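Q: Sequence and predicted structure are below.
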Amino acid sequence: MPIPATVALRAFLMLATYSGTHRHVSRAVKSVRAWWSGKKIAVIGPVAGGKDSFLARLRGRDIPKAHAGSPVGEQVEAFKVKLALSHGQEIDMTCKGVINTGGEAAFRDDPAGWRAVCEDADVIFYVMTIDDLARKRFYRGRRVRQDLEWLFTVLPHLRPDVLVHILINKIDLEIESHTDYTALAVELVKEIAALDRAVRQILHPYDARYTGATLISMRNKQIYTRAIQEALRSIYAALDATHARQAA
């Protein structure tokens, strides 16, 4: 039986703080909102990772009951997104080129597939799952690794300032299967650190465009709402830090 949403949220907040997967950088909400407003985002990722559910959440709709991806890819029209930050502030974005697809490698590699989705995007969200993380599918020869290697090949052809952020979906399932959240957090520290190292190695010399990974649940609305706000702040904070280094 699923644990209560409030319990899941409390556990998620503890895990996120303990594991350091979110960059808790104090930034003025006004600055974050100003940068994000008008930005274009793209969403890619492998089969059943949660792209359809992320699309539904962004649109303010209920998530689908079952995965409904198309093996040949179905283009979804660009749409406006409004996301609330703290203090009642809202961010207006454009979500473009979300693909309602199983994320098959053939469609990824097609010029009209993922590359077309990512063109002109300011931020690319790559959606994987907590199972992908635990099974280390970012290791050589595995699916997440192959996707990241594909991303490396196309980054030179995208916007020169495009940013990449990873969403690790289905953290609610891990919370439901554990009772010792501290032990889970310790394990997540190691797993996400290994993912970060792999991503930066694969994307080098474009690794500065990687802004980190955020634990999220598309199914649990409370976790989703908190996580997506943290992801937006994390991306802005990484960009701000890069600008500060360049200025120095």
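A: That came in fine, so what should we check first? Numbering: from 1, shown residues only.

Q: Every contact and neighbour count from this point should use C-alpha atoms.
A: Fine.

Q: Distance from stretch 39-53 to the middle of the chain?
A: 8 Å (C-alpha atoms, centre = their mean, to the nearest Å).

Q: distance between the ends of that stretch?
A: In stretch 39-53, first residue to last residue: 21 Å (C-alpha to C-alpha, to the nearest Å).

Q: Give the rounded mean pLDDT of it.
A: The average pLDDT within stretch 39-53 is 87.

Q: before we move on, what about stretch 149-167?
A: pLDDT averaged over stretch 149-167 gives 96.

Q: Of all the residues in it, which ones are buried?
A: For stretch 149-167, burial by neighbour count (16 or more other C-alpha atoms under 10 Å) applies to 149-152, 155, 158, 162-167.

Q: which two from those end up farthest apart in space?
A: Greatest spacing in those, by C-alpha to C-alpha: Leu158 and Leu167 (20.4 Å).

Q: returning to that earlier point: now flag whichever of the buried residues of stretch 149-167 is closest to Cys118.
A: Nearest to Cys118 out of the buried residues of stretch 149-167 is Leu158 (C-alpha to C-alpha; 7.2 Å).

Q: isn't that closest one right up against Glu119?
A: Yes - between Leu158 and Glu119 a contact is recorded at 5.6 Å, counting by C-alpha atoms under 8 Å.

Q: Ile235: what's it in contact with?
A: By C-alpha atoms under 8 Å, 6 or more residues apart in numbering, the contact set of Ile235 is 163, 165, 211-212.

Q: I should have written Glu119 there, sorry.
A: Glu119 makes contact with 158-159, according to C-alpha under 8 Å, 6+ apart.
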